[in-house]
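**Q** Give me the fold of what follows.
(2 chains)
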Amino acid sequence: MEALVAIAIGVLTGTGVFLLLRARTFPVLLGLTLLSYAVNLFLFVSGRLVVASAPLTDLGLDAYPDPIPQALVLTAIVIGFGMTALLVVLALRALLDTGGDHVDGGER
Amino acid sequence: MTHLVILPILLPLLAGSVLLLAAQLGAGARRAIALAATLALLPVALLLLDRVGDGTHLVYALGDWAPPFGIVLVADRLAVAMLLLTAVVALASLLYAASGDDARGPQYHALFQFQLLGINGAFLTGDLFNLFVFFEVLLIASYALLLHGSGARRVGAALHVVVLNLIGSALFLFAVGTLYGVAGTLNLADLARVMPLLGPDVAPLARSGALLLLGVFALKAALLPLGFWLPRAYAAATGATAALFAVLTKVGVYAILRVYPLVFGPGAGEVADVAAAWVLPVALVTLAFGALGVLASQSLRTMAGWMVVYSVGTLLVAVGLFTEAGYAAAVYYTAHSTLASAALFLLADLVARHRVAAGDRLDALDVMPHTTLLGGLFFVTAVTVAGLPPLSGFVGKLMVLEATQQAAVAVVSWSVLLAAALVVIVAVARAGSALFWRTAPEPAAAQAMPLDRRSVGAVAGLLACAVGLVLWGGAAASYAWSTARQLADPSGYVAAVLGADANAQEQRRSLR
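**A** Numbers count the residues shown, from 1 in each chain, chains lettered A, B, ... in the order given. Modelled structure (predicted):
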């Protein structure tokens, strides 16, 4: 399962970086979203992968997942969501103000 | 535990929320609330300065959760000096904005307060993930402030800044995840305790996390090759906002100064001095490139933007030595360069406002009104930023030069520092003669728009603080040195946060 998660993070990051390097704002936006998915997944597994267990200690379980990365991921998701919303508005504004969706402004 | 430590975060939060809700209040009332809240940060910072003056670390555990399990705020000499600097620059910037810039878009004052909340939080926090959160708070407010007044130029510049910083945030989280996966903690003091215990099997992971983090801080501090966004963005912002942004790049520098000596210092075993090989060369390149940018600028605002890049370069040359003398020079130079760049941004905006046809373009085509006053202010600012005696730039540069003297790279760094300083002197001299050479015949001067007292007061106040750094230079330098000693010996920080019985924590951890 570690390999599967690692590959998923890698693919998400790779596509994210590829899209980030595009010249139009919409692909860039999608790229950032994919990158933030990859980051969230990465943060989540930084507390190691534990299957079928709750992040609680007093159930007499031998192995339990680390609760801290889960809290970190929640924070990161909320912040990422807000930032993406801001970027969508900004990209729309740039489209209206400069008459094009090129990242450097205007129609190239 | 004193609650004073959290006041620099609570005050702007409260004021910002009130301002957000009080949208129906008049512009004058909102301005008054914002000014009062910003003014109140000054006595708080001074009180904190008094408390940490004897070398204590004020630790504030949020929600009284014991570190390393909860988040802590830590006020030490460095953090408090930055708080004081922020309060001064914010007050001047707000005073300048009160002359009319704040009415050019909605909710300027609320955003300004949230910006201060983010900056102060980043200076105070003792937790790596919390640092990320405060970075995001200050960034999202800075995006909105950058867009204040709108216009296509601003939207274009803001788009670049936002995308770059979102990538930076993603990298920050990758770094945080890596370090957490390796060390199992994100509390800075606890990280400092755990790092020497890391075995050689996980050390490469910790090292890559540390360097990834350095990349993020370099992006915030606008180190090359990650700093090309800065001059364009800062030149596009309104003057008052750009002046506040002069503090923003210093947050990146502060983060490097906070994290690397503490967590990845000489005592960190396998990951010791991980950043030492990188910071100095990159800083020298930034410094040289920044000076060339200053020389090539076509307008005063762009020049001020490149001046920020140049000063960050100089600053990180001092930081990059990772010695006590280097830290001392960095602390003094931070105070000087922040005040000087903020003053230059405000002055550039003032010039653009009063030169009707040419704005702040560096040509002699347009007449400059109020030559005596504006020219005098420009002269003092120019002497300060160019590092000529007798003002603070000279003292700061001298400290940096002295600190690099012992280093193996002294020949290279001295040549780059001095050559860049010469280039900057030429550039500001050229700018001054282009702007102030052609004077108005008497009748035209009478028609010129009168100078706004508050705006001039804001610039003069910042310059007075910069002059104060020289007049009370002994006190400032000795504070810088004691801050440096505190930074060079992180054991005090660790003991203050974790308690002297750090081993008891270790036992609790092993129970898991």
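
**Q** how about the helices in chain A?
**A** Applying DSSP state H to chain A gives helices spanning A:2-20, A:25-45, A:67-98.

**Q** Where does pLDDT dip in the stretch 401-512 of chain B?
**A** Counting by pLDDT under 70, the ranges of the stretch 401-512 of chain B that qualify are B:438-448, B:500-512.

**Q** Ok, chain B next?
**A** Checking chain B against pLDDT under 70 turns up B:1, B:150, B:438-448, B:500-512.

**Q** on that earlier part again, mind putting the helices of chain A into TSV with mean neighbour count, mean pLDDT and distance to chain B?
**A** Glycine gets a C-beta too; all of them are placed from N, C-alpha and C. Putting these into TSV (neighbours: other CB atoms under 10 Å in any protein chain shown; pLDDT from 0 to 100; distance: least, CB to the nearest CB, whole Å) gives the following:
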stretch	mean neighbour count	mean pLDDT	distance to chain B
helix A:2-20	14	94	7
helix A:25-45	21	92	4
helix A:67-98	17	89	4
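
**Q** and B:Asp54, how many residues sit next to it?
**A** Counted by other CB atoms under 10 Å in any protein chain shown, the residues lying close to B:Asp54 total 8.

**Q** ok, now how distant is it from B:Thr249?
**A** 31 Å (CB to CB, to the nearest Å).

**Q** Can you report phi and psi for A:Ala23?
**A** Note on A:Ala23: its backbone torsions stand at phi -100, psi -10 [degrees, to the nearest 10].

**Q** That one contacts A:Gly100, correct?
**A** No - taking contacts as CB atoms under 8 Å, A:Ala23 lies outside contact range of A:Gly100: 10.3 Å.

**Q** Please say which of these two ends up with more neighbours.
**A** With neighbours defined as other CB under 10 Å, A:Ala23 and A:Gly100 compare such that A:Gly100 has more, 15 against 11.

**Q** how about B:Val351, what does it touch?
**A** Contact partners of B:Val351, counting by CB atoms under 8 Å, 6 or more residues apart in numbering or on different chains, are B:300, B:359-360, B:368, B:374, B:378, B:435.

**Q** Likewise for B:Val416?
**A** Per CB under 8 Å, 6+ apart, neighbours of B:Val416: B:284, B:287-288.

**Q** Looking at the residues you listed, state which has the most neighbours.
**A** B:Leu287 (27 neighbours).

**Q** That residue: which element?
**A** Assigned by DSSP states H and E, B:Leu287 falls within helix B:276-296.

**Q** Please identify the buried residues of that helix?
**A** B:279-280, B:282-284, B:286-295 (16 or more other CB atoms under 10 Å in any protein chain shown).

**Q** ok, those residues vs B:Val72, which is closest?
**A** Using CB to CB, B:Val279 comes nearest to B:Val72 of those, at 26.5 Å.

**Q** if I read this right, A:Gly31 contacts A:Leu20, doesn't it?
**A** Yes - here A:Gly31 reaches A:Leu20: they are 3.8 Å apart, a contact under CB under 8 Å.

**Q** Spatially central residue in chain A, please.
**A** In chain A, the centroid-proximal residue (CA atoms, centre = their mean) is A:Ser36; its distance is 1.5 Å.

**Q** for it, what are its contacts?
**A** Counted by CB under 8 Å, 6+ apart, A:Ser36 has contacts A:76, A:80, A:84, B:166, B:170.

**Q** Can you tell me which of the residues you listed is closest to B:Val274?
**A** Closest to B:Val274, out of all of the contacts of A:Ser36 and judged by CB to CB, is B:Ala170, at 21.1 Å.

**Q** so how far is the helix or strand where B:Leu435 lies from its chain's centroid?
**A** Counting by DSSP H and E, the element that carries B:Leu435 is helix B:410-436. Averaging C-alpha positions (CA atoms, centre = their mean, to the nearest Å) puts helix B:410-436 22 Å from its chain's average.
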